[in-house]
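[1] below is the sequence, then the predicted model.
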Amino acid sequence: MHDSPRLVSDVMTHTVVAVGRDAPFKDIVRLMGQWRVSALPVLEGEGRVVGVVSEADLLPKEEFRDSDPDSFVQRTRLPDLAKAGGLTAQDLMTAPAVTVHADATLARAARIMAQHRVRRLPVVDREGMLDGVVSRGDLLKVFLRKDEDIAGEIRREIVGHLRPASADPIQVEVAEGVVTLSGRLRDRSLVPVVARLVRAVEGVVDVEFRLDPGPAHGDAR
């Protein structure tokens, strides 16, 4: 069993500031500045996430404050123009909200962020109720993992299962998240497999090899 954090629940923030649908524009700006966040979940009822209001949703009000958009801008940026006139979170929010569950892997959360170009994701339960928030910074926390913990996991979970494929014990060294493997494998076809497994360990920055792969599988020694 891997002992490194792999789920959103391992790194997410549980204390979250959020707003209701009727939150005024200035209150939203004030809360973002006070809590130093770039987006706020919008809730209704007992805490169900119905949208997210971000800095990007607020900026059109300033962008179009003293301008008279031409017909091209009116056609191509109608949603932004509508938000420029927004007064409450209901008017400004992006809905439905892009969310993630606490039991999602960090890799899945990272893919959702990249796909939707967002910096923060509300974490919700199966009923859509707010559980917390996970940010890009939270996902990067895995790279603060201690080198000795990374090395220990690789020895237990990967290297420990290589025998009899390894002619001699494979040595594992980790410095600043960079893993160096040295030793000898009987079957050189295992090298890319080992590399993939090591890179999947949370906190690994890169993998370097000083392996003598030995003969190819089936070759005479």
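    Arrived safely, thanks for sending.

[2] mind listing the strands for this protein?
    Along the chain, the segments classed as strands by DSSP state E run 19-20, 39-44, 48-54, 100-101, 120-124, 130-135, 171-175, 178-184, 206-212.

[3] adjacent strands (with direction) for the fifth one?
    Looking back up the chat, that one is strand 120-124. Neighbouring strands of strand 120-124 in its sheet, by DSSP bridges, are strand 100-101 (parallel), strand 130-135 (antiparallel).

[4] mind listing what the residue nearest the centre of the chain touches?
    Among the residues of the chain, the one closest to the centroid is Ala110, at 3.2 Å (C-alpha atoms, centre = their mean). The contact partners of Ala110, taken as C-beta atoms under 8 Å, 6 or more residues apart in numbering, are Leu139. All C-beta spots, glycine's among them, are computed from the backbone N, C-alpha and C.

[5] any figure for the gap between it and Leu140?
    9 Å (C-beta to C-beta, to the nearest Å).

[6] follow-up on the earlier one: let's have the strands of the chain in CSV, adding mean neighbour count, distance to Glu62 and mean pLDDT.
    Compiled in CSV, the strands of the chain are given as follows (neighbours: other C-beta atoms under 10 Å; distance: least, C-beta to C-beta, whole Å; pLDDT from 0 to 100):
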stretch, mean neighbour count, distance to Glu62, mean pLDDT
strand 19-20, 18, 19, 98
strand 39-44, 24, 17, 96
strand 48-54, 22, 14, 96
strand 100-101, 20, 30, 97
strand 120-124, 24, 21, 96
strand 130-135, 22, 24, 96
strand 171-175, 16, 47, 95
strand 178-184, 17, 44, 91
strand 206-212, 14, 42, 87
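
[7] turn those strands into TSV, including distance to Leu144.
    Output for the strands of the chain, formatted as TSV (distance: least, C-beta to C-beta, whole Å):
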stretch	distance to Leu144
strand 19-20	31
strand 39-44	24
strand 48-54	26
strand 100-101	21
strand 120-124	19
strand 130-135	15
strand 171-175	13
strand 178-184	15
strand 206-212	16
